[in-house]
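[1] What would the 3D arrangement of this be:
(chains A and B)
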Amino acid sequence: DIQMTQSPSSLSASVGDRVTITCRASQGINYYLAWFQQKPGKVPKSLIYGASSLHSGVPSRFSGSGSGTDFTLTINSLQPEDFATYYCQQYNTYPFTFGGGTRVEMK
Amino acid sequence: EVQLVQSGAEVKKPGDSLTISCKGSGYSFSTYWIAWVRQMPDKGLQWMGVIYPGDADTKYNPSLGGRVTIASANSITTAFLQFSSLTTSDTAVYYCVRHKSGVLHPLAGDFWGQGTLVTVS
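    The predicted structure is shown next:
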């Protein structure tokens, strides 16, 4: 299985900060990388697909980049509603696998 | 409007069987993949498997050891996740997720069901 390693596992940030989360695949996955946001007790929300394309309705302060094995999710000007846990997922090779998650907490 | 509506919460005993469902509406059900994702209490997301309702092509996560079956019924635009013999470690929230169909395999998931809480005790 392809292992997806996210870092950091948690971070503290303030409203207005720029936040960067990284996701590393144990082998190349082209650009078949998605990002999801999950708030406590809520359904995950799809943010990004194809490493860098935003799903409809996702604010432009979210951006993704990378290909191959190294990917990043960046949140520019963190908003109060962005405090959540973020997951990456590769969908290049079965079984599709998720990273362990990055919790973004309020400083 | 695309919707995935899952069946309600379940409380079961170890050894019981269970089927939970995910009804799709607002799109062409047979031309999108449906995946199942598990989230154990206070844990991350785990991909369980996926089905293409158009031809019932199904892929599973080998880590599940063959204890679950994924199925679909196009006539009622519904996907199913079946457990043959539940254990306490199956206690989790289960989500269905719609995936666009790519040339070689599913593309990224876009719409999620509301989740089904399964408690085995």
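[2] how near is the closest residue to A:Trp35 other than its chain neighbours to B:Arg67?
    Counting by CB to CB, 6 or more residues apart in numbering or on different chains, A:Ile48 is the residue found nearest to A:Trp35 once chain neighbours are left out, at 4.1 Å. C-beta: built from backbone N, CA, C; applies to glycine. Taken as CB to CB, to the nearest Å, the spacing of A:Ile48 relative to B:Arg67 amounts to 32 Å.
[3] and if you look at A:Phe36?
    Computed as CB to CB, the A:Phe36 to B:Arg67 distance reads 25 Å.
[4] Same question for A:Asn76.
    Distance from A:Asn76 to B:Arg67, counting by CB to CB: 43 Å.
[5] hang on, the earlier thing: just to check, the residue nearest to A:Trp35 is in contact with A:His55?
    Yes: between A:Ile48 and A:His55 there is a contact under CB atoms under 8 Å: 7.0 Å.
[6] Looking at these two, which has the bigger crowd around it?
    Shown here are A:Ile48 and A:His55; by other CB atoms under 10 Å in any protein chain shown, A:Ile48 has more neighbours (24 against 18).
[7] That one pairs with what?
    Note on A:Ile48: beta-bridge partners by DSSP bridges are A:Trp35, A:Leu54.
[8] Same question for A:Gln90.
    With DSSP bridges applied, A:Gln90 shows beta-bridge pairing to A:Leu33, A:Thr97.
[9] What about it, how many residues nearby?
    28.
[10] wouldn't it be in contact with A:Gly68 here?
    No: taking contacts as CB under 8 Å, A:Gln90 lies outside contact range of A:Gly68: 11.2 Å.
[11] any shared contact partners between these two?
    Common neighbours of A:Gln90 and A:Gly68, using CB atoms under 8 Å, 6 or more residues apart in numbering or on different chains, are A:25, A:29.
[12] For chain A, tell me whether stretch B:59-72 is touching it.
    Yes: where contact is defined by CB under 8 Å from any CB of the partner chain, part of stretch B:59-72 touches chain A, namely B:59-63.
[13] From these, list just the buried residues.
    When burial is judged by neighbour count using 16 or more other CB atoms under 10 Å in any protein chain shown, the buried members of the residues of stretch B:59-72 next to chain A are B:59-61.
[14] Next step: those restricted to strands.
    In strands, defined here by DSSP state E, the members of these are B:59-60.
[15] residue closest to the middle of chain A?
    Nearest to the mean C-alpha position of chain A, counting by CA atoms, centre = their mean, stands A:Trp35 at 3.9 Å.
[16] Parallel or antiparallel, list what pairs with the helix or strand where B:Val93 lies.
    Secondary structure assignment for B:Val93, by DSSP states H and E: strand B:92-101. Strands flanking strand B:92-101 in the sheet, each with its direction: strand B:33-39 (antiparallel), strand B:106-112 (antiparallel), strand B:116-120 (antiparallel) (DSSP bridges).
[17] Point out the most buried one among these.
    With neighbours defined as mean count of other CB atoms under 10 Å in any protein chain shown, those peak in mean count at strand B:33-39, which reaches a mean of 24.
[18] sorry, back to before: kindly export the strand holding B:Val93 (C-alpha atoms) in CSV.
    The C-alpha trace of strand B:92-101 is given here as CSV (Å, rounded to 0.1, in the frame of the first residue of the first chain):
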residue,chain,number,x,y,z
ALA,B,92,-17.2,3.5,13.6
VAL,B,93,-18.9,6.1,11.4
TYR,B,94,-19.2,4.9,7.8
TYR,B,95,-19.3,7.4,5.0
CYS,B,96,-20.2,6.8,1.3
VAL,B,97,-18.4,9.1,-1.2
ARG,B,98,-19.1,9.7,-4.8
HIS,B,99,-16.2,9.6,-7.3
LYS,B,100,-16.1,10.7,-10.9
SER,B,101,-15.1,8.0,-13.3
